[in-house]
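Asker: Build me a structure from this.
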Amino acid sequence: MSSVLGVDTPIGPGELVLAEAARPTAVLLLGHGAGGSEGSWDLELLARELPASGVSVARYRQPWLVAGRKVAGPPPTLDRAWLPALAAVRALWPGLPLFVGGRSAGARCACRCFDSTQAGLVLLSFPLHPPGKPQKSRVAELAGAAGPTLVLQGTADPFGSPADLARALADAGYSGERIVGVPGATHSLAPARSLPAAKVAEREQLLLGSVLTFIADALDPVPSAE
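Answerer: Numbering: from 1, shown residues only. Okay, here's the model as predicted:
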């Protein structure tokens with residue numbers, strides 16, 4: 001059962017769609033894409049399933065979406081609206097580790113606004129570059145977020161494949177990410193209607209298992225060998 005909490009921002013009202021764990025050990029704040037909403041397949045999946053494993057999920061509806069507009073604002077506007085959502089989630093779950101992320105434009109926003117008070121990043125379909133324009137790389141946004149990072153990326157994503165991301169990050173001298181390729185998935189990560197039910201279940205388990213393992217590892221890291 002989800003609930004909705006209004007968030008006042010300098011850009012206008014936003015909304016948090018909350019899925020609360022009975023005994024939360026961590027919180028995950030997720031932003032949506034520039035052309036979608038908090039109802040995308042992957043965000044819905046995480047909000048529906050993670051609370052049973054002790055992770056409360058807050059999906060943030062940016063003010064442009066709440067206002068009924070069809071086009072997202074520029075990155076600085078998204079960032080200004082994201083910061084009050086961060087504060088609201090911290091106030092709801094004080095003292096709990098706060099993970100942040102989202103899909104596509106929401107993933108970029110979470111990277112730009114990441115700081116050391118946040119426990120890690122869960123990024124779904126990070127848009128490395130516009131389709132067909134690899135020269136317009138956004139790798140600096142991802143490489144600039146200094147914290148534990150999980151990227152779930154479709155192997156057929158025209159915005160950049162898992163291999164593209166790995167190469168770009170290596171070239172940028174960054175190695176703090178955990179990239180999980182989602183076989184056959186495009187930028188939406190959603191399974192095609194023709195995909196057999198067993199394959200759909202596999203994709204769901206890949207996403208859920210990857211996120212839960214990442215959060216557990218970030219909260220209890222294995223000591224490095226000296």
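
Asker: center of the protein, which residue is that?
Answerer: Nearest to the mean C-alpha position of the chain, by CA atoms, centre = their mean, lies residue 102 at 2.3 Å.

Asker: residue ranges with poor pLDDT in this protein?
Answerer: The model of the chain has pLDDT under 70 over residues 1, 222-226.

Asker: Isn't residue 185 up against residue 158?
Answerer: No - under the criterion of CB atoms under 8 Å, residue 185 is not in contact with residue 158, lying 11.5 Å apart. Any C-beta I mention is one placed from the backbone N, CA and C, and that applies to glycine too.

Asker: those helices in this protein, which residues are they?
Answerer: 41-49, 63-66, 75-92, 105-112, 139-143, 162-171, 197-219 (DSSP state H).

Asker: Which strands or helices does the first one pack on?
Answerer: The elements that helix 41-49 packs onto, with contact taken as 3 or more CB pairs under 8 Å, 6 or more residues apart in numbering; DSSP states H and E, are strand 14-19, strand 26-31, strand 55-61, strand 98-103, helix 197-219.

Asker: just these: most buried one?
Answerer: strand 98-103 (a mean of 28; mean count of other CB atoms under 10 Å).

Asker: In a markdown table: the helices and strands packed on helix 41-49, plus distance to residue 151.
Answerer: Output for those, formatted as a markdown table (distance: least, CB to CB, whole Å):
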| stretch | distance to residue 151 |
| --- | --- |
| strand 14-19 | 22 |
| strand 26-31 | 14 |
| strand 55-61 | 18 |
| strand 98-103 | 9 |
| helix 197-219 | 10 |
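
Asker: For residue 114, which of the ones you listed is the nearest?
Answerer: For those, proximity to residue 114 was assessed by CB to CB; strand 98-103 is nearest, at 6.6 Å.

Asker: which other residues reach that closest one?
Answerer: 26-33, 36, 40, 42-43, 55, 60, 86, 89-90, 107, 109-110, 113-114, 117-125, 150, 189, 215, 218 (CB atoms under 8 Å, 6 or more residues apart in numbering).

Asker: Residue 134 against residue 164, yeah?
Answerer: Yes - between residue 134 and residue 164 a contact is recorded at 7.4 Å, counting by CB under 8 Å.

Asker: Mutual contacts of those two, please.
Answerer: residue 128.

Asker: Between the two, which is the more surrounded one?
Answerer: Counted by other CB atoms under 10 Å, residue 134 and residue 164 do not tie: residue 164 has more neighbours, with 17 against 13.

Asker: and the more buried one, what does it touch?
Answerer: Residues near residue 164 by CB under 8 Å, 6+ apart: 128, 134.

Asker: Over to residue 173?
Answerer: residue 143.

Asker: so how far is residue 144 from it?
Answerer: 12 Å (CB to CB, to the nearest Å).

Asker: Please report phi then psi for residue 185.
Answerer: The phi/psi pair for residue 185 (degrees, to the nearest 10) reads phi -80, psi 140.
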